[in-house]
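Peer 1: Please find the sequence and the predicted model below.
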Amino acid sequence: MDPALPDHPPQQARPVLSARTLVKRYGHVTALAGVDVAVAAGESLAVTGTSGSGKTTLLHCLAGILPVDGGQVVLATAGGAVHVDALGEAGRSRLRREEFGFVFQSGMLVPELTALENVALAAMLGGAPRREAEARALPELERLGLAGLGGRRIGELSGGQAQRVAIARALVTGPGVVFADEPTGALDSRTSDDVLDALLAATTGTGRALVVVTHDEQVAARCDREVHLADGRVVAERPRGGSGRATGELPGGFPVPRWQQVPS
Ligand SMILES: Nc1ncnc2c1ncn2[C@@H]1O[C@H](COP(=O)(O)OP(=O)(O)OP(=O)(O)O)[C@@H](O)[C@H]1O
């Protein structure tokens, strides 16, 4: 290992979003059984694990989509620390609109609207008048390489272009944290690389935190850090991406990570 490289560089930064002993149950099913996780500004965190291990549930609890049954979720904002776990539905809904951006596997764009209207709609839901919302949406589309495509409906775009529209929509409200659930899951591998480049540039590249749920080893390898879930717990954690050291060092593959074991 290169001694000049610190072991966990991103973790030394102050977390913008952190969870401690997070618990989430669906009836008798315990989906999260005491998860500790944190992400810093400008850092990308991959959440991996086998199907049913609790990845999406973790993302939804961190993002205030779901209420939690135990533990804490704390978001650092310009106005101070916000205890997401203590907010009611209205507070979490406001937080999602104002502080967070979301990118889902299928884009979840409105097919009847154009690319520009889809992005502007997110700004309008945040309270911006239409004209201002469109003025904010346009440069986001341009930054994502979609200049000139704003007038097309979603069905007139390729899968990769549509996913870039979804990224632009996630960014138009100026969120500090972007959550992505299998953002490249519906794309071929080359398009997936391009979309991931765009997502990383638009988030960590501009000082935002990015939390990505993924089954894709190539996606996890490009993130700064990875946490691996099993049965609702973080069972392993390692630096990835920026250091380039971790790629290909997992001969057994999942679900038996050989990296740093987290004590249970
Ligand atoms: N709405 C729900 N009601 C009941 N059980 C649920 C619900 N959502 C998820 N679960 C259960 O909680 C556990 C965690 O599910 P979750 O969707 O978070 O896993 P995941 O790791 O994201 O899975 P996948 O990779 O298949 O999307 C699973 O046992 C799942 O069956």
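Peer 2: That came in fine, so what should we check first? Residues are numbered from 1 along each chain as shown.
Peer 1: If we go by neighbour counts, what in the helix or strand of the chain with the lowest mean pLDDT is buried?
Peer 2: When each helix and strand of the chain is scored by mean pLDDT, DSSP states H and E, helix 189-202 comes last, with a mean of 90. Using 16 or more other C-beta atoms under 10 Å as the test for burial, helix 189-202 gives 191-196, 198-200, 202. Backbone N, C-alpha and C define where each C-beta goes, glycine included.
Peer 1: following it, which helix or strand shows up next?
Peer 2: Using DSSP states H and E, the next helix or strand after helix 189-202 towards the C-terminus is strand 209-213.
Peer 1: what lines up beside that next one in the sheet?
Peer 2: Under the criterion DSSP bridges, strand 209-213 sits next to strand 44-49 (parallel), strand 177-181 (parallel) in its sheet.
Peer 1: Nearest approach to Phe104 belongs to which of these?
Peer 2: strand 177-181 (5.4 Å; C-beta to C-beta).
Peer 1: Just the CA atoms of the strand or helix carrying Glu132, as CSV, please.
Peer 2: Take DSSP H and E as the rule and Glu132 turns out to sit in helix 130-143. Presented in CSV, the C-alpha positions along helix 130-143 are these (Å, rounded to 0.1, in the frame of the first residue of the first chain):
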residue,chain,number,x,y,z
ARG,A,130,-42.4,28.3,-13.6
ARG,A,131,-40.3,30.8,-15.4
GLU,A,132,-37.6,30.8,-12.7
ALA,A,133,-37.8,27.0,-12.4
GLU,A,134,-37.1,26.6,-16.1
ALA,A,135,-34.3,29.1,-15.9
ARG,A,136,-32.7,26.9,-13.2
ALA,A,137,-33.4,23.7,-15.1
LEU,A,138,-31.7,24.7,-18.3
PRO,A,139,-28.1,25.0,-17.0
GLU,A,140,-28.6,21.7,-15.1
LEU,A,141,-29.5,19.9,-18.4
GLU,A,142,-26.5,21.6,-20.1
ARG,A,143,-24.1,20.5,-17.4
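Peer 1: what's around Met108, how many residues?
Peer 2: Neighbour count for Met108, taken as other C-beta atoms under 10 Å: 11.
Peer 1: and it, helix, strand or coil?
Peer 2: coil (DSSP: H, G, I helix; E, B strand; the rest coil).
Peer 1: That one and the ligand: what is the separation?
Peer 2: 16 Å (C-beta to the nearest ligand atom, to the nearest Å).
Peer 1: again with Arg208
Peer 2: Counting by C-beta to the nearest ligand atom, the separation of Arg208 from the ligand is 23 Å.
Peer 1: Which phi and psi values does that residue adopt?
Peer 2: Arg208 adopts backbone torsions of phi -90, psi 160, taken as degrees, to the nearest 10.
Peer 1: That one contacts Gly176, correct?
Peer 2: Yes - using C-beta atoms under 8 Å, Arg208 makes contact with Gly176 at a distance of 6.0 Å.
Peer 1: So for the two, which sits in the more crowded spot?
Peer 2: Neighbours per residue (other C-beta under 10 Å) separate Arg208 from Gly176, with Arg208 holding more: 22 against 19.
Peer 1: residues touching that one, list them.
Peer 2: 41-42, 101, 175-178, 202 (C-beta atoms under 8 Å, 6 or more residues apart in numbering).
Peer 1: related to what we said a few turns ago, the ligand is nearest to which of the strands paired with strand 209-213?
Peer 2: Nearest of the strands paired with strand 209-213 to the ligand, taken as C-beta to the nearest ligand atom: strand 44-49 at 5.4 Å.
Peer 1: Below-threshold pLDDT in the stretch 51-200 of the chain: ranges please.
Peer 2: For the stretch 51-200 of the chain, the stretches with pLDDT under 70 are 107.
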